[in-house]
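Colleague: Next input, structure requested:
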Amino acid sequence: MVMEVSFVTSADGTRIAWSRHGSGPPLVWVGTWLTHLDHDWSSPVWRHWLDALGQRFTVIRYDDRGGGLSDRAPVEYSLKTWRADLEAVIAAAGVHSFTLFGMSQGGAVAVDYAHTHPDRVNTLILYGAYALGAARRGASAEEEEERLLREHLIKVGWGRADPVFRRVFTTSFIPEASESQMRWFDELQRRSMSPEAALASSRARAGLDVCRAAAAVTTPTLVVHGEGDRAVPFENGRQLARMIPGARFVSLVSSNHILLAKEDAWPQFLAEVDAFTGITRRPTAVLTAREIELVELVAGGFSNSQIADRMLLSARTVERHLSNVYAKLDLSGKSARAATAAMLPELIRRSSGT
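Modeller: Alright, predicted model coming up:
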């Protein structure tokens with residue numbers, strides 16, 4: 001998938017790196033920390049996000065100020081500067097109306113933008129997001145102590161070669177990850193942002209409050225949150241959804257703040273995005289005639305044993321063939337069977353070369 005990287009100057013002079021990839025209607029992905037426009041393409045944590053959204057949309061995203069390929073010089077972090085960065089990227093991309101996607105802290109910025117630019121945002125998608133930063137949530141003494149401890153860990157351990165301190169953040173963001181995924185995320189933290197920028201960004205995020213903006217949003221909104229999210233607890237997502245008039249709230253069975261490719265919650269998230277935006281995923285794989293026959297039977301509602309009888313195969317062979325089809329289509333989890341059936345018309349078209 002081809003990616004273009006460009007730079008735009010925000011209102012305060014900070015240069016923001018942004019990119020465009022994929023095809024379809026535009027989706028603007030609000031910047032947040034712990035991304036790197038170039039490095040993310042080799043990521044076992046982010047790559048499936050880039051691929052899946054790029055199959056559905058023309059994705060416009062950018063690195064947060066002070067991080068990734070954006071300016072690393074000392075910068076100010078606030079809702080005002082984050083809003084200005086988003087506005088600058090949208091202007092540079094030349095898009096007038098679009099789906100706006102905000103994840104984590106980017107969700108608060110997305111809510112603020114949707115409130116002030118209701119004519120620009122067709123649909124608003126918020127994942128793992130919140131209206132109130134950690135310092136504004138009326139936390140208990142224990143929770144506040146934990147937040148200050150995380151700030152201290154950024155001070156003393158973020159820039160060290162030994163990732164022991166950064167692993168605390170990694171296990172908070174992706175507790176169900178493999179060891180190789182955790183090692184990659186450990187390194188991303190150091191590569192994407194300096195300790196000073198990470199601390200300043202963390203403190204600014206903790207002070208966010210977009211409750212009034214959320215209550216005034218008129219854009220159709222989808223709010224999705226993992227039930228076991230440790231980085232942004234589940235109640236924050238539910239609270240955000242209650243604030244936004246008419247928002248649809250979807251809970252996922254996941255403890256990961258960043259959904260991983262192999263968990264069932266990932267295809268469920270994509271299915272929610274597809275249904276909410278009206279986007280039909282366009283498969284790029286070409287199936288064999290035998291595989292098309294198999295998918296036709298799946299779409300017809302036949303069970304594996306019934307398909308085995310019709311195709312004169314064993315049930316185990318049918319399972320193996322279906323696994324191969326799912327792998328070709330980059331599908332997994334409980335929703336793979338339904339997603340494959342939904343793609344049948346496009347799969348037939350691609351396989352026939354028309």
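
Colleague: When you work out contacts or count neighbours from here on, use the C-alpha atoms and nothing else.
Modeller: Will do.

Colleague: mind listing what's buried in the lengthiest helix in the chain?
Modeller: Determined from DSSP state H, the single longest helix within the chain is helix 141-157. Judged by neighbour count using 16 or more other Cα atoms under 10 Å, the buried positions of helix 141-157 are 147, 150-151, 153-154, 157.

Colleague: And the furthest pair within those residues?
Modeller: Across the buried residues of helix 141-157, the longest distance by Cα to Cα is 15.3 Å; it joins Arg147 and Gly157.

Colleague: pLDDT at Gly353, what is it?
Modeller: At Gly353, the predicted lDDT confidence score is 64.

Colleague: Kindly report the same for Pro283.
Modeller: 64.

Colleague: which intervals of the stretch 251-354 of the chain have sub-threshold pLDDT?
Modeller: Scanning the stretch 251-354 of the chain for pLDDT under 70 picks out the ranges 280-284, 332-335, 353-354.

Colleague: Not counting its own residues, what contacts the longest helix of the chain?
Modeller: 134-135, 163-166, 195-196, 198-199, 202-203 (Cα atoms under 8 Å, 6 or more residues apart in numbering).

Colleague: Let's see that with 6 Å instead.
Modeller: Outside helix 141-157, the residues that touch it by Cα atoms under 6 Å, 6 or more residues apart in numbering are Phe165.

Colleague: what does stretch 105-124 give?
Modeller: Under Cα under 6 Å, 6+ apart, the answer for stretch 105-124 is 30-32, 96-100, 102, 126, 129, 131, 213-214, 217, 219-221.

Colleague: Same check on stretch 231-242?
Modeller: Counting by Cα under 6 Å, 6+ apart, 129-131, 172-173, 225, 227, 247, 249 sit against stretch 231-242.

Colleague: For Ala342, grab the count of nearby residues.
Modeller: 15 (other Cα atoms under 10 Å).

Colleague: how close does Ser172 get to His257?
Modeller: Using Cα to Cα, to the nearest Å, we find Ser172 at a distance of 8 Å from His257.

Colleague: Can you pick out the residue with more neighbours from the two?
Modeller: Set Ser172 next to His257 and count neighbours by other Cα under 10 Å: His257 wins out with 27 against 17.

Colleague: As a quick check, tell me the outermost residue of the chain.
Modeller: Leu312 (42.1 Å; Cα atoms, centre = their mean).

Colleague: Now that one: phi and psi?
Modeller: phi 60, psi 50 (degrees, to the nearest 10).

Colleague: Give me the distance between it and Tyr326.
Modeller: In terms of Cα to Cα, Leu312 sits 21 Å off from Tyr326.

Colleague: Return the subset of the contacts of stretch 105-124 lying in strands.
Modeller: 98-100, 102, 126, 221 (DSSP state E).

Colleague: could these go into a markdown table alongside pLDDT?
Modeller: Below are the ones in strands among the contacts of stretch 105-124 laid out as a markdown table (pLDDT from 0 to 100):
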| residue | pLDDT |
| --- | --- |
| Phe98 | 94 |
| Thr99 | 96 |
| Leu100 | 98 |
| Gly102 | 98 |
| Leu126 | 98 |
| Thr221 | 96 |
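
Colleague: which two of those residues lie the greatest distance from each other?
Modeller: Phe98 and Leu126 (14.2 Å).

Colleague: Neighbour count: these two, which is higher?
Modeller: Leu126 (26 against 21).
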